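Student: what's the 3D shape of this:
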Amino acid sequence: MSHPRRRTSLIALGSALALVTTLAACGDGDDPAADSATSSSADASASPSSSASASESATANATGELPTVKGGFGQVPTISVPDATPPSDLVISTLQQGKGPATQAGETIVVNYAGVRWADGQVFDSSFDRGAPAGFGIGIGAVIPGWDSGLVGIKAGTRVLMVLPPDQAYGDTPPGDPIQAGDTLVFVVDVLGSHAGNAAAKGEPAPTEDDSLPYVSITPKAPEIVIPPGSPAKQLIAIPVVVGQGAKVKKGDTVVVQYKGVLWRNGKEFDSSWSRQQPFVTTIGQGAVITGWDKGLIGQTVGSRVMLVVPPKDGYGDAGQGEIKGTDTMVFAVDILGAY
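Tutor: Sure thing, here's the model as predicted:
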């Protein structure tokens with residue numbers, strides 16, 4: 001299956017946040033989008049849901065001194081670890097409560113975070129330093145256990161302190177220096193937003209009336225794409241068929257999208273986030289996805305469904321990829337769910 005990412009990999013995750021089973025798992029693959037732009041509201045807070053209750057009990061069960069944090073939501077945190085024995089249980093403490101929707105298991109969550117070792121306070125990873133939030137499925141085993149359970153039920157706009165004992169982090173199999181076997185890890189996490197697996201564009205319909213262009217359905221569900229007779233244009237085409245009222249996508253934004261891709265020559269689907277029930281997260285305008293995405297999504301608004309007709313030169317070029325031939329024009333329907 002081919003994705004919108006570049007051939008080598010759609011997403012280049014940052015350093016150690018192999019937070020996932022490798023937290024980067026959220027970026028492996030060959031998405032055509034990975035070469036190709038938000039702002040979901042960050043007005044949220046720690047949820048009073050079942051997860052929130054778990055967080056409260058985890059904090060209540062913690063004994064001893066906890067790390068201190070300077071800086072508010074959206075600011076680079078300064079984390080100070082005490083010279084004390086770390087707690088043996090997972091600790092999740094709300095530092096600043098947001099007011100947005102609470103995350104649900106199975107959703108795609110977008111966060112900024114910084115992580116340090118309890119042993120020496122050394123920063124081992126930070127999305128703040130990279131200047132790009134991270135996105136991944138939550139509650140589905142895509143990230144380390146402490147994140148997978150601790151971030152479900154947290155509202156957008158919330159900053160939390162997380163202390164992960166080894167069994168909630170990497171245990172005796174660390175991803176590499178500086179994280180060591182048996183390390184307790186400390187994170188400060190800002191929850192920016194989350195998106196359900198069936199989330200779709202919610203803007204105003206603006207169907208195309210050009211019979212030489214593909215038909216893309218405008219209903220808020222997995223799109224239908226119908227290829228017209230004739231040959232495709234040789235230039236990139238980017239047209240919203242649903243126009244959202246959100247912020248415009250900018251170069252460097254982290255975007256959350258749903259998409260479906262088909263080949264012009266036969267109308268065959270080659271990839272779809274809808275079939276996985278997992279929105280796709282990438283950085284736009286910086287070569288993380290194919291050129292057609294990088295060029296075609298910048299300037300579009302959050303809430304839009306955009307039809308992209310991508311000629312080979314803006315896709316995978318003469319080499320093609322998988323079932324996509326070097327002569328293939330690709331057609332995408334891309335729903336822009338959020339940009340951060």
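Student: distance check, Gly315 against Asn112.
Tutor: Using CB to CB, to the nearest Å, Gly315 is found at 31 Å from Asn112. (C-beta placed from N, C-alpha, C; glycine too.)
Student: I should have written Ile324 there, sorry.
Tutor: Distance, Ile324 to Asn112, by CB to CB: 34 Å.
Student: same question, Ser149
Tutor: Counting by CB to CB - Ser149 and Asn112 are separated by 20 Å.
Student: compare the two and say which is more crowded by neighbours.
Tutor: Asn112 (26 against 20; other CB atoms under 10 Å).
Student: that one bridge partners, please.
Tutor: Beta-bridge partners recorded for Asn112 (DSSP bridges): Asp190.
Student: tell me the secondary structure for the residue nearest the centre of the chain?
Tutor: In the chain, the centroid-proximal residue (CA atoms, centre = their mean) is Gly135; its distance is 2.6 Å. State at Gly135, reduced to three classes by DSSP: H, G, I helix; E, B strand; the rest coil: strand.
Student: also Trp293?
Tutor: Classified using three-state DSSP, Trp293 is helix.
Student: verify the stated contact: it with Leu308.
Tutor: Yes. Here Trp293 reaches Leu308: they are 6.9 Å apart, a contact under CB atoms under 8 Å.
Student: comparing those two, which residue is more hemmed in?
Tutor: Comparing Trp293 with Leu308 by other CB under 10 Å, the one with more neighbours is Trp293, at 35 against 30.
Student: how near is the more buried one to Asp335?
Tutor: Trp293 is 13 Å from Asp335, by CB to CB.
Student: with Thr184 instead?
Tutor: According to CB to CB, Thr184 stands 40 Å off from Asp335.
Student: the more surrounded of those two?
Tutor: Asp335 (29 against 19).
Student: so the more buried one touches Arg305, yeah?
Tutor: Yes. Judged on CB under 8 Å, Asp335 makes contact with Arg305 at a distance of 4.9 Å.
Student: quickly list what's touching both of the two.
Tutor: 200-201, 223, 242 (CB atoms under 8 Å, 6 or more residues apart in numbering).
Student: looking at those residues, spot the one nearest Asp129.
Tutor: Nearest to Asp129 among these: Ala201, at 32.4 Å, using CB to CB.
Student: quick check: the closest one is in a helix.
Tutor: No. Using three-state DSSP, the assignment for Ala201 is coil, not a helix.
Student: now do the same contact list for it.
Tutor: By CB under 8 Å, 6+ apart, the residues touching Ala201 are 220, 242, 244, 258, 303-305, 335-337.
Student: please apply the same query to Ala181.
Tutor: If you count contacts by CB under 8 Å, 6+ apart, Ala181 has them with 166, 170-174.
Student: any chance of those in TSV, plus pLDDT and neighbour count?
Tutor: Conversion of the contacts of Ala181 to TSV gives the following (pLDDT from 0 to 100; neighbours: other CB atoms under 10 Å):
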residue	pLDDT	neighbour count
Pro166	98	19
Tyr170	97	22
Gly171	97	14
Asp172	96	10
Thr173	95	7
Pro174	95	19
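Student: wait, what's in contact with Gly72?
Tutor: Per CB under 8 Å, 6+ apart, neighbours of Gly72: 96, 159.
Student: with adjacent residues omitted, what lies nearest to the residue lying farthest from the centre of the chain?
Tutor: Centroid-distance maximum for the chain: Gly230 at 36.5 Å, with CA atoms, centre = their mean. Using CB to CB, 6 or more residues apart in numbering and skipping the chain neighbours, the partner closest in space to Gly230 is Ser212 (6.3 Å).
Student: likewise Ala105?
Tutor: Nearest residue to Ala105, sequence neighbours excluded (CB to CB, 6+ apart): Gly139, at 2.9 Å.
Student: could you check how far that neighbour is from Val81?
Tutor: Applying CB to CB to Gly139 and Val81 gives a distance of 28 Å.
Student: Glu209 too?
Tutor: From Glu209 to Val81 the distance is 61 Å (CB to CB).
Student: SS state for the residue nearest to Ala105?
Tutor: Here Gly139 is recorded as coil under three-state DSSP.
Student: just Ile79 next, same as before
Tutor: Following three-state DSSP, Ile79 is assigned to strand.
Student: got the contact list for it?
Tutor: Neighbours of Ile79 in contact, by CB under 8 Å, 6+ apart: 67-69, 114, 116, 121, 123, 186, 188.
Student: what's the ChimeraX syntax to select whichever of those residues are buried?
Tutor: Only the buried entries of those go into this ChimeraX selection, using 16 or more other CB atoms under 10 Å:
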select :67,69,114,116,123,186,188
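Student: and of the contacts of Ile79, the nearest to Asp253?
Tutor: Ala114 (20.4 Å).
Student: please name the nearest non-neighbouring residue to Thr291.
Tutor: Per CB to CB, 6+ apart, closest to Thr291 is Asp314, 4.4 Å.
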